[in-house]
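> give me a 3D structure for the following:
(chains A and B)
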Amino acid sequence: MALHLKLHTQPDVPLEADCISPDRMQSLKNNEISSMTVFHGNRQVKLGDFFDCKGTFDGEITIDGDLSNIKHIGASMSLGKIIIEGSVGLHTGAGMQGGEIIIEGDASDWLAAEMLDGKITVKGNAGHMTGCGYRGSSIGMQGGEIFIHGNVKNETGHVMRRGLIVVGGDSGDFTGVNMIAGTIIVFGTMGIRTGAGMKRGSIISFNEAEILPTFSRNCEYQPTFIRFYAKYLEKNGFLVDPSYANGSFERWSGDSVEINRGEILLSKHKNK
Amino acid sequence: MIEKTNKKVVEENKNIKIVHDATCTFCGCVCDDMELHVDVDEKRIIKSKNACVLGRAWFAEHTIENAPAAMIDGKEVTIEEAIEEAAQTLVNAKFPITYGLSDTTSEAQRQAVAITDYIKGNIDTTTSVCHGPSGLAFQGVGESTSTLGEVKNRADLVIYWGGNPAESHPRHFGRYAVTPKGMFTPNGKKDRTVVLVDVRKTKSAGVADILITPKPGKDFEVLWALRALVKGVKLSSDIEKETGVPLEILTDLAKRMKECRFGVLFFGMGLTMTRGRHFNSGALLALATDLNEYTHFVAKPVRGHGNVTGADNVVAWQTGYPFGVNFSRGYPRFNPGEFTTVDTLSNGDADAALIVASDPGSNFPKKAIEHLKNIPVITLDTKTTDTTKLSHVAFKTSTYGINTSGTVYRMDDVSITLRPAFESPFPDDEKILKSIKKRVHELILKNSHSGGASGEAKVAAAVNPL
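Numbers count the residues shown, from 1 in each chain, chains lettered A, B, ... in the order given. Take a look at the predicted model:
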């Protein structure tokens, strides 16, 4: 039976609970887990003041309740699995080094910020700065996979260095801004200024997008690798229309104000 | 004529004091060449020589009001009672926030940072709702900078982007950037080319040799195109369709930028507070950096409040970050979007607020104001405002630069000492904040001795020298 945490008291100010991580909980008894320290605003309190703890850790932690005011869950985790039954607050999976987080509801801003490895799946929407670097950081996500079935807001994949971000819905402005490398796939529409300042990396969209004047159109072609991606995405719960995967894509290269080695691929299927 | 003569006679009979080299703290220009004529008996400034229209209004409006110095829930109390209540409120809060600070002295700002550090709160300044995006961009891109004195003496290409200084900073043209004669610009305006980039023709357009009007919300694209042109990248003429600016105009501007001796980009909130925000500022700063491959080019934000630059400086040298700083874990963390005041209020995070010299109750989003109404608010302000009206504890304080001496920072980070004109019966912000800080410290020590605080808090309270 998995370790089960159930929120019994809603915090009245944000609760910072970076102790909710398989790495920290794997060798502890339930009473020890309940005694772990969390920050309720500026007060150090016990995890048990907010959560009931049942079951035993078998590599998996399930968390119940509205966690939208709880931050840093699964931050820096390197193993195991966390299943969040509802929505969750800021910085979930930030700096994650391995393992898996599944969020049944929505995720807030800075989801998987500066992630190193592992996998995050969000069944709902995610906020701003998904897989980004923190302010002042020159490198964001450095590995791992983020699958979001809904929409994301601005700056997804900001200064991303490696890894994969898949957005089932729409993305906001500045998708892949200052991207260094890695792959972002957006099923829906992207906001403005996609890939601004990108050095390398691929941004793939199944819709049209506004392209900055510093990108240049190269060609229209049928990239083989997208078919492989499509199969992989289907395994991860995304429905990919074969006419997109097998269809033509318009390739734009940029950003010419940087080293011009990034690419934006836009599906032509919609125009047919 | 008779009226004027009578007025002169009346003025001659008054007890007039003249303050030379006084400083106007209305806007970020912080002009320090004021000559103030003060009616000492009536305690008001009757003439402010050298001031612009905004400065004259600033000096004329700040008179001594007949109002209580301190109130709790709208009832007059002694200052000591108000300080006790304020300190208790802040110490008991789990997520106290400090906000404002841009219209007070740096000495008072320093006290506010210390209080926030003691109470493990969250400190933010009005920067977060004006040039906060520029603060983020400085960190992300860097800043090629100079003083306004260097601009006056050297700049031969002056570009204003997304601002209307003729109305917001009326002396910016005459004192610093357009018409003054400098060491290497002996003919003033004749030695300079002035470019204005704005989505509409404002009163500032009168001084511009070149006026560029991009489509609204297309500043980033124009800046990005200029960066490309400066780097020698060829662009399509479709740029005009997208941005509203013909390629020839952009090419000409890029050429002028590369060929000038000393160029400066002044940017305002028309750039920082439109879609793209910190990326707009970042694009402009990156353009200035790119241009340093060819010539000397600097970029400066045109700051609004009199000491908002001081707020950035003081918060930065005390915490390491300029705004949006959180101490809840006992050390400073910076994260605009999470720890900026609009967010802490709109998300319902804050449970008490210390507002210094600012009026968020009148200009914040509705959701934030609604939350502000539901938490205990402590205000320090020279006037009655929407925020002081909803305050639990309200202090009326004296005005910096008019009644209070101290230090302020001009928009180019140059510090200037204030020469007050006349005394106020109200205490200054620094004095009130010092008293609150002292009482907060006592309460924290008391809690730590009675076992009310964590070990970490005990250590912090015992060793914190602030």
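
> show me the domain layout of chain B.
Following automatic domain parsing, chain B resolves into domains at B:70-130+B:306-415+B:426-463, B:133-301.

> which residues touch the helix or strand hosting A:Ile102?
According to DSSP states H and E, A:Ile102 maps onto strand A:100-103. Strand A:100-103 has contacts (CB atoms under 8 Å, 6 or more residues apart in numbering or on different chains) with A:73-74, A:77, A:80-84, A:87-88, A:92-93, A:118-124. Quick note: C-beta positions are derived from backbone N, CA and C, even for glycine.

> each with direction, which strands does it pair with?
Strand A:100-103 has these partner strands in its sheet, going by DSSP bridges: strand A:81-84 (parallel), strand A:119-122 (parallel).

> out of these, which one sits most buried?
Ranked by mean neighbour count, the strands paired with strand A:100-103 are led by strand A:119-122 with a mean of 24 (mean count of other CB atoms under 10 Å in any protein chain shown).

> what parts of the stretch 101-250 of chain B come near chain A?
For the stretch 101-250 of chain B, the residues found near chain A under the criterion CB under 8 Å from any CB of the partner chain are B:119-121, B:136, B:139-140, B:220-221, B:224-225, B:227-228, B:231, B:233, B:235-236, B:238-239, B:242-243.

> and the longest helix along chain B, what does it pack onto?
Ranked by residue count, the top helix of chain B under DSSP state H comes out as helix B:429-449. Packing contacts for helix B:429-449, counted by 3 or more CB pairs under 8 Å, 6 or more residues apart in numbering or on different chains; DSSP states H and E, involve helix B:79-92, helix B:106-118, strand B:352-356, strand B:377-381, helix B:455-463.

> pull it out as PDB, backbone CA atoms only.
Taking C-alpha atoms only, helix B:429-449 is exported to PDB below (Å, rounded to 0.1, in the frame of the first residue of the first chain):
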ATOM      1  CA  ASP B 429       9.100  57.900   8.500                       C
ATOM      2  CA  GLU B 430      12.500  56.900   9.800                       C
ATOM      3  CA  LYS B 431      11.600  57.900  13.400                       C
ATOM      4  CA  ILE B 432       8.400  55.900  13.400                       C
ATOM      5  CA  LEU B 433      10.000  52.900  11.700                       C
ATOM      6  CA  LYS B 434      12.900  52.900  14.100                       C
ATOM      7  CA  SER B 435      10.500  52.800  17.000                       C
ATOM      8  CA  ILE B 436       8.500  50.000  15.500                       C
ATOM      9  CA  LYS B 437      11.700  48.100  14.800                       C
ATOM     10  CA  LYS B 438      12.800  48.500  18.400                       C
ATOM     11  CA  ARG B 439       9.500  47.300  19.800                       C
ATOM     12  CA  VAL B 440       9.400  44.400  17.300                       C
ATOM     13  CA  HIS B 441      12.900  43.300  18.400                       C
ATOM     14  CA  GLU B 442      11.800  43.400  22.000                       C
ATOM     15  CA  LEU B 443       8.800  41.300  21.300                       C
ATOM     16  CA  ILE B 444      10.800  38.700  19.400                       C
ATOM     17  CA  LEU B 445      13.300  38.500  22.200                       C
ATOM     18  CA  LYS B 446      10.500  38.100  24.700                       C
ATOM     19  CA  ASN B 447       8.800  35.400  22.600                       C
ATOM     20  CA  SER B 448      12.100  33.600  22.200                       C
ATOM     21  CA  HIS B 449      12.800  33.700  26.000                       C
END
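
> buried ones in that helix?
Under the neighbour-count criterion of 16 or more other CB atoms under 10 Å in any protein chain shown, helix B:429-449 has B:429-437, B:439-441, B:443-444, B:447-448 buried.

> try stretch B:365-373
B:368-369, B:371-372.

> so how far is that stretch from its chain's centroid?
Computed by CA atoms, centre = their mean, to the nearest Å, the separation of stretch B:365-373 from the middle of its chain amounts to 22 Å.

> is chain A contacted by it?
No. Counting by CB under 8 Å from any CB, chain A has no neighbours in stretch B:365-373; the shortest distance is 11.8 Å.

> surely B:Glu81 meets B:Ala70?
Yes. Contact between B:Glu81 and B:Ala70 holds when scored by CB atoms under 8 Å: they sit 7.1 Å apart.

> more neighbours, the two?
The neighbour count for B:Glu81 versus B:Ala70, taken as other CB atoms under 10 Å in any protein chain shown, is higher for B:Ala70 (23 against 14).

> chain neighbours aside, what residue packs nearest to that one?
What sits nearest to B:Ala70 in space, not counting adjacent residues and going by CB to CB, 6 or more residues apart in numbering or on different chains, is B:Ala82, at 3.6 Å.

> report the contact partners of the one you found.
B:Ala82 neighbours (CB under 8 Å, 6+ apart): B:70-72, B:393-395.

> who's in contact with B:Phe422?
Contacts of B:Phe422 by CB under 8 Å, 6+ apart are B:17, B:38, B:40, B:43-45, B:402-403.

> give me that answer again for 6 Å
Neighbouring residues of B:Phe422 by CB atoms under 6 Å, 6 or more residues apart in numbering or on different chains: B:38, B:43.

> neighbours of the residue of the stretch 251-400 of chain B at minimum distance from chain A, how many?
Going by CB to the nearest CB, chain A is nearest to B:Ser328 of the stretch 251-400 of chain B, at 4.2 Å. The number of residues packed near B:Ser328 is 23, by other CB under 10 Å.

> can you give me phi and psi for it?
phi -60, psi -20 (degrees, to the nearest 10).

> okay, it: pLDDT?
Looking at B:Ser328, its pLDDT reads 96.

> residue contacts, it?
Neighbouring residues of B:Ser328 by CB under 6 Å, 6+ apart: A:41-42, B:120.

> just the closest residue of the stretch 51-200 of chain A to chain B, please.
Closest point on the stretch 51-200 of chain A to chain B, by CB to the nearest CB, is A:Gly136, at 4.6 Å.

> quick check: closest non-adjacent residue to that residue.
The nearest residue in space to A:Gly136 (CB to CB, 6+ apart) is B:Gln139, at 4.6 Å.

> what of B:Gly406?
Using CB to CB, 6+ apart, the closest residue to B:Gly406 is B:Thr105 (2.9 Å).

> what does B:Lys152 give?
Using CB to CB, 6+ apart and skipping residues adjacent in sequence, the residue nearest B:Lys152 is B:Gly182, 4.6 Å away.

> residues near that neighbour, how many?
Neighbourhood size, B:Gly182 [other CB under 10 Å]: 21.

> point out where chain A drops to low pLDDT.
For chain A, the stretches flagged by pLDDT under 70 are A:270-272.

> and the longest helix for chain A?
Per DSSP H, chain A has its longest helix at helix A:225-235.

> can you list the residues of the stretch 101-250 of chain A near chain B?
A:135-136, A:212-214 (CB under 6 Å from any CB of the partner chain).

> alpha carbons only: can I get the strand holding A:Ile102 in PDB?
Provided in PDB are the C-alpha atoms of strand A:100-103 (Å, rounded to 0.1, in the frame of the first residue of the first chain):
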ATOM      1  CA  GLU A 100       7.700  10.700 -11.400                       C
ATOM      2  CA  ILE A 101       5.000  13.100 -10.400                       C
ATOM      3  CA  ILE A 102       1.400  12.700 -11.700                       C
ATOM      4  CA  ILE A 103      -1.000  15.600 -11.100                       C
END
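
> what residues does the stretch 251-400 of chain B have near chain A?
So far as CB under 6 Å from any CB goes, the stretch 251-400 of chain B lies against chain A at B:328, B:349, B:351.
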